[in-house]
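>>> here is a sequence together with a model predicted from it:
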Amino acid sequence: MAALRIEGFVIVSADGRLANAANVMPDDLKIEGDKRFFTAALDRADLVVHGRHSGEEQPNAPKRRRIILTRKVAATAPDPSYPKALLWNPAGCSFDEASRVAGVTSGMAAIIGGPAVFGMFMDRYDVFWLSIAPRVRIPDGEPCFPGVPDRTPQEVLSAHGLVAGAPELIDAAHDVSVTPWRRADR
């Protein structure tokens, strides 16, 4: 049986933030080219993993098998709001066990945040897709990863053994590009 391939996805401001001080993604970061890229990625995913404040605001969201991190359950439990979702407390069981309970043990798991969730998988990503909106700044916002803003998102990814590939422009009107960061040893 093939293992799950772990891929991360985030769009950040020029200062490495993914949300404002109220933990809400500002409209300035909701950029069409990135939305198309993100939607296509989630359409390929076998499993979507996120915290309780992260989501995807898309029509296909209820159709996707997902794991939502929470401390409200001991280990895992069905999500009463979404039939295809599983609630998971990392203190109660491993991600591998939670994904098995969710019925997904191969294919691609898309990690979509927030910061603590991204941090949990730093040493497991096969690839992390980092989109940057260089014209957007959120000085008091929520950093995308643990360690930001003391380090840039790129420095955090590099410190965990990921190497930047060639960036791809995904929204010329906003100068937004996405860079794949791949595990150096794979």
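Yep, it's here.

>>> can you give me the strands in the chain?
In the chain, the strands defined using DSSP state E lie at 4-13, 17-19, 47-51, 66-69, 76-78, 85-88, 107-111, 127-133, 142-143, 162-164, 168-171, 176-183.

>>> contacts for stretch 95-113?
Here stretch 95-113 makes contact (CB atoms under 8 Å, 6 or more residues apart in numbering) with 1-10, 18, 41-42, 44-51, 54, 56, 65-67, 75-76, 86, 88, 90, 93, 117-118, 120-121, 125, 144. Quick note: C-beta positions are derived from backbone N, CA and C, even for glycine.

>>> tell me how far it lies from the chain's centre.
Centre-to-centre, stretch 95-113 and its host chain are 13 Å apart (CA atoms, centre = their mean, to the nearest Å).

>>> pretty sure K63 sits against Y82.
No - K63 lies out of contact with Y82 (CB atoms under 8 Å); the separation is 9.9 Å.

>>> pLDDT wise, what is A2 at?
Note on A2: pLDDT of 58.

>>> which one's more surrounded, K63 and Y82?
Neighbours were counted for K63 and for Y82 using other CB atoms under 10 Å; Y82 has more, 16 against 10.

>>> which residues does that one contact?
Residues counted as contacts of Y82 (CB under 8 Å, 6+ apart) are 62, 66.
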